[in-house]
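# Attaching a predicted model along with its sequence, questions to come.
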Amino acid sequence: MLSEVRDNAVMLQVFDSLAKKHPELDAATAQEIRSNLSRAGRTAPAEKQASAQVVALLQQANKLCLQDMPFDSLMQGVETTYRRGRKAFKKARKNKARRAITI
C-alpha cells in the first residue's frame, strides 16, 4: 500500500515536471490528466482488482500464436477495431474533447 502511494506521488511529480516543460499543453487538459493520475492513487479495491484482471488478460493475449489463426479471422478483428477507433477519433475531433474517445 505504501509503495502505491509513493508511486502515485512520483507519477504526479513527473507529470508536473513535464507539464512545466511543455507549456503548449492545454491547461484544462493538463488539469484533467493530473486529476486522473491523482484519482488513480485512490482507486477502490474493486477497481484495482479489475485492473489486475485486465493485465492478466493482456498477458494471456500476448501469448496467443497468431500464426495459427486464419487470416480472415484476424482481418475481421483488425477492421472492426480500426473502424471503432476512427469513429471515436472523429467524434472526439467534432466535440474537441478527449473524453469522447471511448472504444
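Perfect, I can see it now. Numbering: from 1, shown residues only.
# I'd like the average pLDDT over stretch 32-43.
Averaged across stretch 32-43, the pLDDT comes to 76.
# how distant is it from the center of its chain?
Offset of stretch 32-43 from its chain centre (Cα atoms, centre = their mean, to the nearest Å): 12 Å.
# same check, this time on stretch 53-70
Here the centre of stretch 53-70 is set off from its chain's centre by 18 Å, with Cα atoms, centre = their mean.
# Output it as PDB - backbone C-alpha positions only.
Once side chains and other backbone atoms are set aside, the C-alpha atoms of stretch 53-70 remain, and they are given as PDB (Å, rounded to 0.1, in the frame of the first residue of the first chain):
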ATOM      1  CA  GLN A  53      -7.700  -8.900 -14.300                       C
ATOM      2  CA  VAL A  54      -7.300  -6.800 -17.400                       C
ATOM      3  CA  VAL A  55      -3.500  -7.000 -17.100                       C
ATOM      4  CA  ALA A  56      -3.800 -10.800 -16.700                       C
ATOM      5  CA  LEU A  57      -6.000 -11.000 -19.800                       C
ATOM      6  CA  LEU A  58      -3.500  -8.900 -21.800                       C
ATOM      7  CA  GLN A  59      -0.700 -11.100 -20.700                       C
ATOM      8  CA  GLN A  60      -2.600 -14.100 -22.000                       C
ATOM      9  CA  ALA A  61      -3.400 -12.400 -25.200                       C
ATOM     10  CA  ASN A  62       0.300 -11.700 -25.700                       C
ATOM     11  CA  LYS A  63       0.900 -15.500 -25.600                       C
ATOM     12  CA  LEU A  64      -1.500 -16.200 -28.400                       C
ATOM     13  CA  CYS A  65       0.100 -17.600 -31.600                       C
ATOM     14  CA  LEU A  66      -1.500 -15.500 -34.300                       C
ATOM     15  CA  GLN A  67       0.200 -17.700 -37.000                       C
ATOM     16  CA  ASP A  68      -2.200 -20.500 -36.200                       C
ATOM     17  CA  MET A  69      -5.200 -18.300 -36.800                       C
ATOM     18  CA  PRO A  70      -6.800 -17.900 -40.300                       C
END
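# Cool, thanks, signing off.
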